[in-house]
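J.: just the structure for this:
(one chain, ligands or ions: 1)
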Amino acid sequence: MSLKDNLAYVKRNIERAAFKVNRDPAEITLVAVSKTVEIDAIREVYALGQVDFGENRVQALKPKSEALPEARWHMIGQLQTNKVRDVVGSACLIHSLDRWNLAEEIDRQARLKGIRMPVLMEINIAGEEQKAGIEPVDVESFLDAIGQLRNIQVQGFMTMAPLSEDPEQARPVFNELKAWHQRLKACRYKNVDLRWLSMGMSQDYEVAIQEGANIIRVGTAIFH
Ligand SMILES: *Cc1c(COP(=O)(O)O)cnc(C)c1O
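T.: Just a heads-up that it's a prediction; the model follows:
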């Protein structure tokens, strides 16, 4: 199959999953995770109308976003504090805010650049020890503290479900994050506007859509 066929296939599945739960597929942003491919494949997919791309390493995000600045670049991978400078300004959204000192550094770099950086808090819903992410019990105090950081805006939550062959295994994880999102969206926090829920990858994006994701991050299903 070609990249064109793959993209069309994923988009059809997005529509089908959305219709199943009476959602408008237009409210779901597909981030094409391009971490395994070179810029030529990315250009091909961009030419098909795909605008959002995701990378998990700063060393790749920087040159790719410079080669294709018309696209929107998402930083989805774990971020080291000393790499923040290269992401702020080149990424439209950082999905992987997983600790306080990273928030402080993003805020500092954004202030130096005179911008406000949109970020998602990565939440470790499944409680896997080896996984990054803020523990659910710490989310509210974290959101409170974000009020001090004027050059950051928390725009939502991201999570990764445990790896599994069976996409249904992810459903309770997505469902739980959706519940947190619903509840906290109704609260007022400074520098916080919880519009995004980033969950679902090639394995489980249809389940994620059924459970309320409005950003899905799909790599393999497009770029294989
Ligand atoms: C690689 C990656 C994805 C995409 O995974 P696929 O299984 O290739 O769709 C999504 N999110 C994150 C954080 C990733 O690192």
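
J.: mind listing the strands for this protein?
T.: 29-33, 52-55, 72-75, 93-97, 117-122, 152-158, 192-198, 215-218 (DSSP state E).

J.: who does the second one pair up with?
T.: Pointing back at strand 52-55 there. Partners of strand 52-55 in the sheet, by DSSP bridges, are strand 29-33 (parallel), strand 72-75 (parallel).

J.: could you dump the ones you listed into JSON lines with mean pLDDT, mean neighbour count and distance to the ligand added?
T.: C-betas here are computed from N, CA, C, even on glycine. Converted to JSON lines, these look like this (pLDDT from 0 to 100; neighbours: other C-beta atoms under 10 Å; distance: least, C-beta to the nearest ligand atom, whole Å):
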{"stretch": "strand 29-33", "mean pLDDT": "98", "mean neighbour count": "23", "distance to the ligand": "4"}
{"stretch": "strand 72-75", "mean pLDDT": "98", "mean neighbour count": "24", "distance to the ligand": "9"}
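
J.: could you redo those strands as JSON lines and give each row distance to H95?
T.: Listed next are the strands paired with strand 52-55 as JSON lines, based on distance: least, C-beta to C-beta, whole Å:
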{"stretch": "strand 29-33", "distance to H95": "8"}
{"stretch": "strand 72-75", "distance to H95": "6"}
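
J.: so what's the residue count around the residue lying closest to T36 once chain neighbours are set aside?
T.: Leaving aside its sequence neighbours, T36 sits nearest to F223 (C-beta to C-beta, 6 or more residues apart in numbering; 5.9 Å). Other residues within reach of F223, judged by other C-beta atoms under 10 Å, total 19.

J.: residue in this protein nearest to the ligand?
T.: With distances taken as C-beta to the nearest ligand atom, the chain approaches the ligand most closely at G219, which sits 2.7 Å away.

J.: for D138, which of the strands of the chain is the nearest?
T.: D138 sits nearest to strand 117-122 of all the strands of the chain, at 9.8 Å, using C-beta to C-beta.

J.: list the pairing partners of the closest one within its sheet, with orientation.
T.: When DSSP bridges is applied, strand 117-122 pairs with strand 93-97 (parallel), strand 152-158 (parallel).

J.: mind checking the longest helix of this structure?
T.: In the chain, taking DSSP state H as the definition, the longest helix is helix 3-20.
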